[in-house]
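**Student:** Pasting the sequence and the predicted coordinates here, then a few questions.
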Amino acid sequence: MKGLIQRGITAFFFGAVMIGGIYGGAYTFVSLFALVTGLCLWEFYEIVLSKNYRTDLIRRFLGLALGLVPFVLAAILQLDLVNHKSLFIAISSLLVFPILFTAFIYELYTRSETPFANVAFIMLGLAYIGVPFALLEFIAFENGFYYPNTVFGLLVLTWFNDTGAYMVGSRFGKRPLFPRISPKKTWEGAAGGAAAAFIGAYLIFTIFRELNLIDWLVLAAIVTVFGNLGDLVESMLKRSVHIKDSGNLLPGHGGLLDRFDAFIFLLPFATAYLLWARLGGA
């Protein structure tokens, strides 16, 4: 009972922060997800870079800086903070390449037995976490206008899928979905999550009219497929280093990466679909 109360309190405050950040305006949204991106990156590097704290601390800061670059660049672009294309390209080059090559230089002095693996992990954080969250900004903004309902709706679909999968799977689950990676996940739970996501898509459509029903249903399908895959990918990461949670930032829920694993993984596919839809499907 105490654990359920703790989970409920955490969920309430987490939801309140997310809603406030998303609906507080464009700059609040960018600030919130910059923080989320940074914390997810930090947890990721704590997982994959854990051999020597002193040397890995510098690697974590390098990875954090590099991983935030796509989000910062997308924010500059979407908020129209630079007026010239050449200036934007210059800022991009100054942010990306010095950080990246500093990681190579740093490895020259660490005497690590796996220097290129360390650099690869730093770059992996960029691809796995930094880029997807940057793509979220292309969902949130269109032609200089900010659309919080689309972001919130996509999060709600993810939460519906997770909640439906948990409720149905814990009660009726019998057939393992992917026992080698996540023994507790079942096909029945996945089906329950899918049903909840599609119901959520219809409910969101009745409230938010920024997208049509077909778009929300397609997004529900993307959430169902790629959200579950994202959850399995993070489970694979944690299993490979024998840990249960990515962190302890959220009492009763684990780390922030545990909460956003599905959302991170579905973002590239949701962004690709929405950009295609905005172009008229052509």
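**Tutor:** Cool, the structure landed.
**Student:** Point out where the stretch 101-250 of the chain drops to low pLDDT.
**Tutor:** Scanning the stretch 101-250 of the chain for pLDDT under 70 picks out no residues.
**Student:** Buried residues, the helix or strand that Thr158 is a member of. List them.
**Tutor:** Assessed by DSSP states H and E, Thr158 sits inside helix 148-172. Within helix 148-172, the residues that qualify as buried are 148-162, 164-166, 168-169, counting by 16 or more other CB atoms under 10 Å. Quick note: C-beta positions are derived from backbone N, CA and C, even for glycine.
**Student:** Next: stretch 187-204.
**Tutor:** Result for stretch 187-204 [16+ other CB under 10 Å]: buried residues 188-198, 200-201, 204.
**Student:** so can I have TSV of the residues you listed showing secondary structure and distance to Val30?
**Tutor:** Listed next are those as TSV, based on DSSP: H, G, I helix; E, B strand; the rest coil; distance: CB to CB, whole Å:
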residue	secondary structure	distance to Val30
Glu188	helix	39
Gly189	helix	34
Ala190	helix	33
Ala191	helix	36
Gly192	helix	34
Gly193	helix	30
Ala194	helix	32
Ala195	helix	34
Ala196	helix	30
Ala197	helix	27
Phe198	helix	30
Gly200	helix	26
Ala201	helix	26
Ile204	helix	23
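**Student:** quick one: which of those residues is nearest to Ile19?
**Tutor:** Ile204 (14.3 Å; CB to CB).
**Student:** Might you report the residue contacts of the nearest residue to the closest one once chain neighbours are set aside?
**Tutor:** Take Ile204 and drop its neighbours on the chain: the residue closest to it by CB to CB, 6 or more residues apart in numbering is Gly153, 4.5 Å away. The contact partners of Gly153, taken as CB atoms under 8 Å, 6 or more residues apart in numbering, are Ile204, Phe208, Leu211, Trp216, Leu219.
**Student:** thought the last one was touching Thr158?
**Tutor:** Same thing as Leu219. No. Counting by CB atoms under 8 Å, Leu219 stays clear of Thr158, with 9.8 Å between them.
**Student:** From Glu210, how far off is Tyr273?
**Tutor:** 14 Å (CB to CB, to the nearest Å).
**Student:** Compare neighbour counts for the two and give me the winner.
**Tutor:** Shown here are Tyr273 and Glu210; by other CB atoms under 10 Å, Tyr273 has more neighbours (17 against 14).
**Student:** From the chain's centroid, how far away is the helix or strand containing Asn118?
**Tutor:** In this structure, Asn118 sits in helix 115-125 according to DSSP H and E. Taking CA atoms, centre = their mean, to the nearest Å, one finds the center of helix 115-125 at 19 Å from the center of the full chain.
**Student:** Please report how far Ile264 lies from Gly63.
**Tutor:** 16 Å.
**Student:** How about the backbone phi and psi for the nearest residue to Val82 once chain neighbours are set aside?
**Tutor:** Closest residue in space to Val82, ignoring its immediate chain neighbours: Phe88 at 4.9 Å, by CB to CB, 6+ apart. Backbone torsions of Phe88, given as degrees, to the nearest 10, read phi -60, psi -40.
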